[in-house]
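Visitor: With the input below, show me the fold.
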Amino acid sequence: MSPASPPAHTTRRDDVPRCRRLDVGDDGAVLPTDELDPVLCQEAMRQALASPRFDGDAGQPRGMERVVAGAATVAKVQRRVHERLDVLLEFDELRRVADVPAPALLDHGTVDKDGVSVWWTVLERARGEHGDRGAHATELLPSRQRALARVLRRWHTYGDAALGPRLDDPGMAGLFFGEIRARAPGAAKQLAAELDAACRGTEMAAVHGDAAVGHNVLFQGADVTAVLDPGAVRVAPPMLCLGWAVAVDLGLGGSVDAAGAGYAASTADRELLHRLLPLLVTRRLADMRRLGDTSAERRLGAWLRSRRPELLDLAVAGSGSGGDGAEVGTF
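Guide: The predicted model follows:
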């Protein structure tokens, strides 16, 4: 399917918002991730396993599993307060109307007690392999980047941009650089200010926000078989979503050109991507340095050194690992 051609049974969303000024000064917003009552979670899992759509063992869960697999389905329950059922319902609608490969939502419900609601779902079991694994992962990376970009283009075109949270909501820009902010608040504010300058006034759309060949996507060969788990930001400039995919995959040896070609990016898209990508690579580099992924750190550091070397110190500060940017990205 051409990325510019709509599925036969849907039309493009007409309500296209534009990005307002970002909340670059906030340094205290947090995304609540508290765990829910384990008793309610266990009851939610019991109800999920009892669903007629679940094809696995309907016996009592043995512990605090979040996911229990059957033969062709999985039962999944909410464990933390920030996990939202409406995101899963929108995800399933997007699967149907925009031909986004994703596990079908077969059944769902809630367990409610004393004003607290815990959801459960039964989903089609996703098939495929993670894009950064397998004997041919390196060889397939360019074609997988193109395939994922085509999927993201459909997501951005047909998703509901009325659903939040939005990048320009209070506190969201700080949360976007949250891991860096926790270790180097000044670095996070500098990155957020550049993000604001690049995004303000641009069109926004429904985005995944956390998909890449190397993360939250399954493949069979070069084809996308399933996109999983949308990120926290649900409405943003589409190039922020594509740019994050590129930033992650640059760490695997991917390229900007493969993703841009798959997306059929316009000149304006490419110009915005050019502005955003150094900020996103800085964020990803800080993550990889903190996690000790030296291969990705070298690739991302070399990319950033050749384009925005002044951002290397921000990545190092944001990783909390000490030192400076002088040695990052050298071989």
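
Visitor: Run through the stretch 1-150 of the chain and note the low-pLDDT ranges.
Guide: In the predicted model of the stretch 1-150 of the chain, residues 1-15, 60-63 satisfy pLDDT under 70.

Visitor: Residues in contact with stretch 121-129: which ones?
Guide: Defining contact as CB atoms under 8 Å, 6 or more residues apart in numbering, one finds that stretch 121-129 is touched by 48, 51, 53-54, 69-77, 85, 88, 102-108, 218-220, 225-226, 228. Yep, even glycine has a C-beta here, placed from its N, CA and C like the rest.

Visitor: Stretch 50-67 too?
Guide: 38, 41-42, 45-46, 48-49, 68-77, 79, 106-107, 109, 122.

Visitor: Show the buried residues in those residues.
Guide: 41-42, 45-46, 48-49, 68, 70, 73-77, 79, 106-107, 122 (16 or more other CB atoms under 10 Å).

Visitor: Which members of those residues occur in helices, if any?
Guide: Mapping the buried ones among the contacts of stretch 50-67 onto helices (DSSP state H) picks out 41, 42, 45, 46, 48, 49.

Visitor: Could you export these as JSON lines, including distance to residue 160?
Guide: Listed next are those as JSON lines, based on distance: CB to CB, whole Å:
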{"residue": "41", "distance to residue 160": "28"}
{"residue": "42", "distance to residue 160": "33"}
{"residue": "45", "distance to residue 160": "29"}
{"residue": "46", "distance to residue 160": "32"}
{"residue": "48", "distance to residue 160": "26"}
{"residue": "49", "distance to residue 160": "31"}
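
Visitor: which one among the residues you listed gets closest to residue 139?
Guide: Closest approach to residue 139 among those (CB to CB): residue 48, at 39.0 Å.

Visitor: can you tell me which residues contact that closest one?
Guide: 54, 68, 75, 76, 77, 107, 109, 120, 121, 122.

Visitor: hey, where'd the helices end up in the stretch 51-200 of the chain?
Guide: With DSSP state H, counting those that start in this stretch as the criterion, the stretch 51-200 of the chain has helices at 85-97, 137-158, 172-176, 178-183, 185-199.

Visitor: any idea which of these is most buried?
Guide: helix 172-176 (a mean of 24; mean count of other CB atoms under 10 Å).

Visitor: for that one, packing partners?
Guide: helix 185-199 (3 or more CB pairs under 8 Å, 6 or more residues apart in numbering; DSSP states H and E).

Visitor: any idea how the chain splits into domains?
Guide: 38-124, 129-327 (automatic domain parsing).

Visitor: Looking at those domains, which is nearest to residue 22?
Guide: Of these, nearest to residue 22 by CB to CB is domain 129-327, at 3.9 Å.

Visitor: For the spatially most central residue of the chain, which three-state class applies?
Guide: Centroid-nearest residue in the chain, with CA atoms, centre = their mean: residue 210, separated by 1.0 Å. Look at residue 210: counting by DSSP: H, G, I helix; E, B strand; the rest coil, its state is coil.

Visitor: So it is in contact with residue 230, correct?
Guide: Yes. Contact criterion CB atoms under 8 Å: residue 210 and residue 230 qualify, at 6.7 Å.

Visitor: one step back: list just the one of the helices of the stretch 51-200 of the chain that sits closest to residue 263.
Guide: Residue 263 lies closest to helix 137-158 among the helices of the stretch 51-200 of the chain, at 4.0 Å (CB to CB).

Visitor: Give the other helices and strands that that closest one contacts.
Guide: Under the contact criterion of 3+ CB pairs under 8 Å, 6+ apart, helix 137-158 touches helix 85-97, strand 205-206, strand 217-220, strand 223-227, helix 238-250, helix 256-263.

Visitor: Which elements pack onto the longest helix along the chain?
Guide: Longest helix in the chain, counting residues (DSSP H): helix 267-291. Contact here means 3+ CB pairs under 8 Å, 6+ apart; on that basis helix 267-291 packs against helix 178-183, helix 185-199, helix 238-250, helix 256-263, helix 294-305, helix 312-319.

Visitor: how distant is that helix from the center of its chain?
Guide: 14 Å (CA atoms, centre = their mean, to the nearest Å).

Visitor: and the two most separated of the ones in helices among the buried ones among the contacts of stretch 50-67?
Guide: 41 and 49 (12.7 Å).

Visitor: roughly how far apart are the residue at the greatest distance from the centre of the chain and residue 309?
Guide: Computed with CA atoms, centre = their mean, the residue of the chain farthest from its C-alpha average is residue 59, at 33.4 Å. Counting by CB to CB, to the nearest Å, the gap from residue 59 to residue 309 is 58 Å.
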